[in-house]
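Asker: dropping the sequence and predicted coords here.
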Amino acid sequence: MSKKLSLLLFSIIIIFQSVLADDAKDRFTLSGFIKDAENGEVLPGATVYIKELKAGSASNVYGFYSISLEAGTYHVVYSFIGYKSHEDEIELYSDKILNIDLKSSIESLSEVEVTGEATNENIISTQMSVNKMDSKTIKSIPAFMGEVDLIKAIQLLPGVKFAAEGSSGFSVRGGSPDQNLVLLDEATVYNAGHLMGFFSVFNNDAVKSVELYKGDLPAKYGGRLSSLVDVRMKDGNKKEFHGNGGIGAISSRLTLEGPLVKDKGSFMISGRRSYADLFLRLSNNENIKNNVLYFYDLNAKVNYSINQNNHVFVSGYFGKDVFRNGAFGMDWGNTTGTVRWNHIFNEKLFSNFTFIASNFSYNLGLNNEDRGFDWKSKLTDYNLKSDFNWYLNSNNTINFGFSTIYHDFFPGEIKGTGNESFISEYGLPNNYSLENAIYISNTQKIGSLLSLKYGLRLSMFNNVGPNTVFQYDPEGQPIDSTIYSKGDFYNTYFGIEPRLGAVFQLNETSSIKASYSRNYQYLQQAQNSTAGSPLSIWFSSSPNVKPQFSDQFALGYFRNFKEGMYEASAEVYYKDIKNAIAFRDHADLLLNKHIEGELLIGRGYGYGAEFLLRKNRGKLTGWVSYTYSRTFREIEGINNGDPYKAPYDRPHDLSVVVNYNLSKQISLGLTWVYLTGQPVTFPVGRFVYGNTVVPFYSGRNDYRMPDYHRLDLSFTWREKYNPEKKWHSEFNVSIYNAYNRKNPWVINFQSDPVDPNITYAEMTYLFGIIPSFTYNFKF
Amino acid sequence: MKLVLIYITFIIIITFIGLSSCTERIDIDLDSDRIRLVVEGNITDIEGDNFVKLTETADYFSSTAPKTVGNAELIIRNGDQTFTLLESNTEAGLYKMPQGFIGVQGETYELKINLENEVGGHKEYNAQTTMPLLSDDIDSVTVEWFERFKGWSVRLYAQEPPRVDFYMFNGIRNGVLITDSIHEVNISDDRLYNGNYTNGAIVLLFNEEQLETGDIFTLVLSNITKEYASFVNELQTEIQFKEPMFSGPPANVSSNISNGAAGWFTAYPSAFTTTIVKEIPVE
């Protein structure tokens, strides 16, 4: 496979090389890295604007920019949100490397920033359906139980809804939670939740930024239908040693960062540990009192610049959740590791070579001398990829590369331990597969008003032996099986994934965008509950399970006001999912060898309109987002084959996020969310069998839960800034669900214990009003 | 095995939810659906325990006992034998097999119902079932205090046959059936100990109040069909507390009765093993 790939890559390069043979007269390239002046962190998506040409470019996700210009003198403005922009007069008569350090502007609360037309990246970029947040913004949002959480922040963006209250699972444009690709420094995070999903695995102190792509994934990414959540860790302060941390109601954290070699290399290490079990000791219930319940996570990153053209990055994440109740214990967690070599071939060719390993596993066990048991499940990915940014000329930027992932899934095994065990070993076999892709994409400027992005991703999926593949009858019963031996490539699927986009600039501050993308997904989760449990296993495409694929069309209008102080956008989309999966009624998903027999395949479709108004500067910042969206499934075997509302069909979704800097010391935060209640299936009748009242039901999801709404507030007090002092303190009070709205988490129908003939409906709500207090420090 | 998984689920639920969540009654408006016939038919290898009950479905919030369906003609065919069921004088809607009838392992039984008036759009309903073979190689049963559950565990010592079996476990205390509702029985497949000695596998669990040291406890082990096992599992799933982490969407339980009737016609043999409930060990 690698031979074919290199041949393909080589031929592509040759073609392009011949195309630009004429184009190399008197044009020179200005390139370099754009960084934060204080700590040396690179700034991704910073704008480089050439005043004379009224055109510009942006730095890539690694902070690198490259712009090709005719010889001459130019005034170049470098800018980035939250930073003071920097203007340089540049005489360009040869290729020039200019690294820029931008100073942060957090100290200034002024509404007026000298940025001019330069901060219009959202207007000029051909990338649509994307939202970006930095860790500072995420921190300003009132936090659930004081735990600042980027996944909860993402759920406030248009088009994104939480899967269930408090859950780390989320639905983007009507897709299910397993259709989101969550990457931490390019490593896949399979289960992004701690404590059953109430908290995410991301420690905001270690995070630099997060970008959410809703369906219109750049050609370099694939494998999930609905979204990409690209989380980047901080690189670490290259100039000085610093630390920060906090003590909160649920957990405490500490982050240390500093230079390894000043301005050349740095490290960042961040850890967090919860002590939620301390609260359980307050319970009167004997059973709950003695429980042990905690999670911890550790993020670490090291980077080193060997020279101007070679940089090495090593990052890792390790996290675990532990629960123990006497002899019964449960633990689960993710581990990821990324090694990346960034190589700049020349001022026009920027590349990365990355090796990643990701692992998610869980263990349950009963530690009993006589009759204990042990249940474990694990999945491991090994990923090798390379990515090239080729700044061909001033009108064309090409991105190409390849990726290969080896998946090793171990769905589960239960073993009896102890002397008198009654459980013989029962396990599901390992499942191996290869997911490969090559891609190429060009962003081309046509004239001064139109930009096109056209790209193609070719993906290929192979199942690899050893494995036993069953054939199933229409009822899902196994009728035959085929055995494959080790190393056998027994099934291949191909995906052709075009990624197209266009931006038409109406004027300097507004544009219209359109996009079309096709995505393939070869892995999915065996989950049929709304909130999702960490015990759900991931399974891959196979001879019985075709890959899911979706087509998404989107159209949007983008407008900036007052020199980029306000950003507004309106986007409509239509999405169609083929080979959508669902499970039979009463499917058995735990430790089931024949889980493929429980699958039903059909179609999903959805559409929506997303509106966003965002204020980026000044004392008052924040956003209002409103989404109207519908999503349906049509699957033979469910609801008599008629279309039904998908579990994430919640037509109205309104989020208001406001942060008000009263002064340099005091900030107030407010979040208000409103969502239509989720679709649900309720009983429409009952019968009695064996002295038990049994319900029978309406069509799937014919009813709705009551609407959900909630207000969160926060108050932050910072110690007056004293440059002489090393230690800075901050106090934060957060109130979750400030008006104590009892949002139903689930509605159950029960029989009265005294007279079983009497039935009633009962709702369970999770969280009333929850205040919490956090102390944060910086040194 | 399912027991273990249910316990795990239970612990997880009560731990995370029990502390900070609350439950309260809520008013919900529900639609009505059409009326259907409900059939509860049991053929066993015990005399007198062979009957069919006929009732009707009702609105979900109707708070009365189900309406019975009387004056129906019921017959059960087994090979070339036909039995007519007689309606009880004391309980309307209950039809009993003739005196002396005992179900036989391996035999197939066909139920035919002919109603006086249409229910659910039909007058005629059928069902069929086969009685499985009994796993009767049972050594003993013990009932011990299980500290972990703060309750009683019933442990089975038996040689499980190396074929595919499904079991239903019931418990009798001093002659009275403890598991008198179908949602209290334990259904199990033999996935985890197929063909092996069960070695004290726990087959039933009872609360502290349900048994006492010194009680005469009888375990009723019945071999049931795979379809009936699915039906009872589905039924138990549908009536237990659902929460968004582990529960799938609600769905109607299956039925082996024709023409859209609800319920089940089942046949199973049973083995009875008696023991005395042990003392609670002193710490």
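Answerer: Received, thanks.
Asker: and whichever strand in chain B runs longest, which residues are buried?
Answerer: In terms of residue count, the longest strand belonging to chain B (DSSP state E) is strand B:108-119. For strand B:108-119, burial by neighbour count (16 or more other C-beta atoms under 10 Å in any protein chain shown) applies to B:109, B:111-113, B:115, B:119. For glycine as for every other residue, the C-beta is placed from the backbone atoms N, C-alpha and C.
Asker: and for stretch B:77-93?
Answerer: Across stretch B:77-93, burial judged by 16+ other C-beta under 10 Å covers B:78, B:83, B:85, B:87, B:93.
Asker: excluding chain neighbours, what is closest to the closest residue to chain A within chain B?
Answerer: Per C-beta to the nearest C-beta, B:Ile182 is where chain B lies closest to chain A, at 2.7 Å. Leaving out its chain neighbours, the residue that sits closest to B:Ile182 by C-beta to C-beta, 6 or more residues apart in numbering or on different chains is A:Gly690, at 2.7 Å.
Asker: got a list of what A:Asp297 touches?
Answerer: Contact partners of A:Asp297, counting by C-beta atoms under 8 Å, 6 or more residues apart in numbering or on different chains, are A:194, A:201, A:203, A:271-272, A:317-320.
Asker: how close does the nearest residue to it once chain neighbours are set aside get to A:Lys234?
Answerer: Closest residue to A:Asp297 apart from its sequence neighbours, by C-beta to C-beta, 6+ apart: A:Gly319 at 3.4 Å. If you measure A:Gly319 against A:Lys234 using C-beta to C-beta, to the nearest Å, the figure is 17 Å.
Asker: the two: who's more crowded?
Answerer: Set A:Gly319 next to A:Lys234 and count neighbours by other C-beta atoms under 10 Å in any protein chain shown: A:Gly319 wins out with 24 against 21.
Asker: doesn't A:Ala300 make contact with that one?
Answerer: No. Counting by C-beta atoms under 8 Å, A:Gly319 does not reach A:Ala300; the two are 11.9 Å apart.
Asker: from the buried residues of strand B:108-119, which is closest to B:Met168?
Answerer: Ranked by distance to B:Met168 (C-beta to C-beta), the buried residues of strand B:108-119 are led by B:Tyr109 at 17.3 Å.
Asker: can you check the pLDDT for the closest one?
Answerer: pLDDT, B:Tyr109: 95.
Asker: check contacts around it.
Answerer: B:Tyr109 makes contacts with B:43, B:76-78, B:103, B:128-131, B:265, B:267, as judged by C-beta under 8 Å, 6+ apart.
Asker: then A:Val61?
Answerer: Contacts of A:Val61 by C-beta under 8 Å, 6+ apart are A:44-45, A:230, A:232.
Asker: so which of the buried residues of strand B:108-119 is the closest to B:Asn199?
Answerer: B:Tyr109 (34.7 Å).
Asker: returning to what we had before: okay, the buried residues of stretch B:77-93 in JSON lines with secondary structure and distance to chain A next?
Answerer: Formatted as JSON lines, these follow (DSSP: H, G, I helix; E, B strand; the rest coil; distance: C-beta to the nearest C-beta, whole Å):
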{"residue": "B:Asn78", "secondary structure": "strand", "distance to chain A": "23"}
{"residue": "B:Phe83", "secondary structure": "strand", "distance to chain A": "22"}
{"residue": "B:Leu85", "secondary structure": "coil", "distance to chain A": "18"}
{"residue": "B:Glu87", "secondary structure": "strand", "distance to chain A": "18"}
{"residue": "B:Gly93", "secondary structure": "coil", "distance to chain A": "11"}
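Asker: appreciated, that's everything.
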